[in-house]
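Enquirer: pasting a predicted model and its sequence here:
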Amino acid sequence: MDDKKYNELLEELYKKVNQVKTTGRFEIPKVTGHIEGNKTIVDNFQDICNILRRKPEHLAKFLSRELATQSIINKGRIILNRKLPSGKINEKIQTYADEFVICKECKKPDTELIKEGKYTYLHCLACGAKHPVRSKIQ
């Protein structure tokens, strides 16, 4: 096959394939909320869960354990039964993302949690890697 024919076929193939556009860097939004009495309310909790592509219950359970407090999910926000600085909550959400969202091989957030038997794995949809994660919050 000559180079001209090869290039024509390659161009034809590129027209048929859906090209994936990168959206830039993966960023977790910082928490926005306020303190009411003894409680900390995070107003953009549902937005954070949507960006991480994880169930709100899973993230809430993780935050409850890591911050040693009870939590309630209510209308897209989380109520933590303790006064907490936003920096501490952001730090714990980043820890959650590092463990349960970001692939350990390619560092992309395109992952899903898969439960096989009594073990939970982080499966990367980008590179296909599969790593076990701690399942005590499942």
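Expert: That came through fine.

Enquirer: can you tell me how far the residue lying closest to Gly76 once chain neighbours are set aside is from Glu12?
Expert: What sits nearest to Gly76 in space, not counting adjacent residues and going by C-beta to C-beta, 6 or more residues apart in numbering, is Gln46, at 3.6 Å. All C-beta spots, glycine's among them, are computed from the backbone N, C-alpha and C. Counting by C-beta to C-beta, to the nearest Å, the separation of Gln46 from Glu12 is 44 Å.

Enquirer: more neighbours, the two?
Expert: For Gln46 and Glu12, the more surrounded residue by other C-beta atoms under 10 Å is Gln46, and the numbers stand at 15 against 9.

Enquirer: what lies in contact with the helix or strand where that one lies?
Expert: Mapping Gln46 onto the secondary structure by DSSP states H and E places it in helix 45-52. Residues from elsewhere that reach helix 45-52 (C-beta atoms under 8 Å, 6 or more residues apart in numbering): 28-29, 31, 42, 55-56, 59-60, 73, 76-78, 93, 96-97, 100-101, 109.

Enquirer: and for stretch 7-14?
Expert: Residues from elsewhere that reach stretch 7-14 (C-beta under 8 Å, 6+ apart): none.
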